[in-house]
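Colleague: no sequence on this one, just coordinates:
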Ligand code: IPM
Ligand code: MG
């Protein structure tokens, strides 16, 4: 039976990069027999402009019915002055929460061709292959109470709540452990257990879960040290597992190790492995509409979709090889450009990946 993919381009460069991923999916469908249907819907600022909400019911309904979701990016300067409850980001957060997409996998892999594109020394990053497992539906992003209140003095006070239940920690650490079993069998759980009670409990649960995985070496690190270690000696890590907010921050940091934030894909999975796939970068309003955004993170997100939600790991491998070949051939968007390479735009590099896929 054909699988239904919901495509949500969103805002800014989301439109441009998703178009390239859709081109690739269409090629897989037409030339390689991938049995899919694609629907498109609104999310983020674009949805707000059209409907008054960043997550229209129609989008949520389609998302619930789909087998997998491909998302571009949300947000932009245009919507920054809106009330936080209807900002574009709320559309994405709402989708994650409503669909129970608690497990966010963010692989940071350095393609050897891009060793020069990283701001870190090649010997520090070459061979890098880290999997960041970010908890995605809890923590300070969703904790109650939250808001801004006015004190008797007239001064305003803003507050958010970092909250995790044992069960939420348990399930995300298990995901990290399962992944580690298929890789280097090492998990580093990142917390701030020296200051925050909530993450002290996180650490206790991680240790407990770790006992069920005797083959996995579990370590713990405070988040400040983890940020430092990521830029000092990133190859010490195999799988990192952490809270929603720490994962948000550390994954941007890890992205730059790979040369560009435009290279990092992600998968957000629910209990049953159903998922949403998106590049980890944002909508980049500064370069939106110029045709220069790097679509490779989105294209690599399609590979993750094929592997995790559509049971097509062979096609996923093909996409990854096609990206490799495209880089081998010297195609580079400006964010990953280095001397002597062929600087191209979004569409050209997308076309090159499709051509590489066909040639393989
Ligand atoms: C990410 C993004 C989002 C987040 C924003 C757009 C809400 O930064 O996916 O990392 O903070 O989770
Ligand atoms: Mg982020």
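Modeller: Ah, there it is. This structure is a prediction, so every number in the text was calculated from the model and none was measured. Ligands and ions are numbered 1, 2, ... in the order given.

Colleague: Next secondary structure element downstream of whichever strand or helix holds residue 208?
Modeller: Per DSSP states H and E, residue 208 falls inside helix 197-211. Next helix or strand after helix 197-211 toward the C-terminus (DSSP H and E): strand 217-222.

Colleague: Which other helices and strands does that following strand contact?
Modeller: strand 186-191, helix 197-211 (3 or more CB pairs under 8 Å, 6 or more residues apart in numbering; DSSP states H and E). C-beta coordinates here come from the backbone N, C-alpha and C atoms, glycine included.

Colleague: Pull out the buried positions in it.
Modeller: 218, 220-222 (16 or more other CB atoms under 10 Å).

Colleague: could you dump those to CSV with pLDDT?
Modeller: Formatted as CSV, the buried residues of strand 217-222 follow (pLDDT from 0 to 100):
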residue, pLDDT
218, 98
220, 98
221, 98
222, 98
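
Colleague: thinking again about what came up before, for ligand 1, find the nearest of the helices and strands packed on strand 217-222.
Modeller: Ligand 1 sits nearest to strand 186-191 of all those, at 15.5 Å, using CB to the nearest ligand atom.

Colleague: Quick one: mean pLDDT over that closest one.
Modeller: For strand 186-191, mean pLDDT rounds to 98.

Colleague: same check, this time on stretch 353-360
Modeller: 95.

Colleague: Any chance you could list what contacts it?
Modeller: 20, 23-24, 27-28, 31, 296, 299, 318-319, 321-323, 325-326, 329 (CB atoms under 8 Å, 6 or more residues apart in numbering).

Colleague: For the stretch 101-250 of the chain, which residues are neighbours of ligand 1?
Modeller: residue 248 (CB under 6 Å from any ligand atom).

Colleague: Please enumerate the helices of the stretch 101-250 of the chain.
Modeller: For the stretch 101-250 of the chain, the helices defined by DSSP state H, counting those that start in this stretch cover 122-125, 166-181, 197-211, 223-232, 244-257.

Colleague: Let me have those in TSV, extended by mean neighbour count and mean pLDDT.
Modeller: Shown next, in TSV, are the helices of the stretch 101-250 of the chain (neighbours: other CB atoms under 10 Å; pLDDT from 0 to 100):
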stretch	mean neighbour count	mean pLDDT
helix 122-125	15	93
helix 166-181	20	98
helix 197-211	18	98
helix 223-232	16	98
helix 244-257	21	95
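
Colleague: nearest to residue 139, of these?
Modeller: Residue 139 sits nearest to helix 244-257 of all the helices of the stretch 101-250 of the chain, at 3.6 Å, using CB to CB.

Colleague: neighbouring strands for whatever helix or strand comes next after that closest one, and are they parallel or not?
Modeller: For helix 244-257, the following helix or strand on the C-terminal side (DSSP H and E) is strand 267-269. Neighbouring strands of strand 267-269 in its sheet, by DSSP bridges, are strand 103-109 (antiparallel), strand 275-277 (antiparallel).

Colleague: Just name the most buried of those.
Modeller: strand 275-277 (a mean of 27; mean count of other CB atoms under 10 Å).

Colleague: Tell me the pLDDT of the closest residue to ligand 1 within the chain.
Modeller: Nearest to ligand 1 in the chain, going by CB to the nearest ligand atom, is residue 89, at a distance of 3.8 Å. pLDDT recorded at residue 89 is 97.

Colleague: Kindly present the helices and strands packed on strand 217-222 as a markdown table, with separate columns for distance to residue 64.
Modeller: Listed next are those as a markdown table, based on distance: least, CB to CB, whole Å:
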| stretch | distance to residue 64 |
| --- | --- |
| strand 186-191 | 32 |
| helix 197-211 | 30 |
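
Colleague: closest one to residue 345 among those?
Modeller: It is, among the helices and strands packed on strand 217-222 and with distance given as CB to CB, strand 186-191, at 36.8 Å.

Colleague: Tell me which residues of that closest one come out buried.
Modeller: Quick answer for strand 186-191 (16+ other CB under 10 Å): 187-191.

Colleague: Kindly report the same for stretch 268-280.
Modeller: Per 16+ other CB under 10 Å, stretch 268-280 contains these buried residues: 268-270, 274-280.
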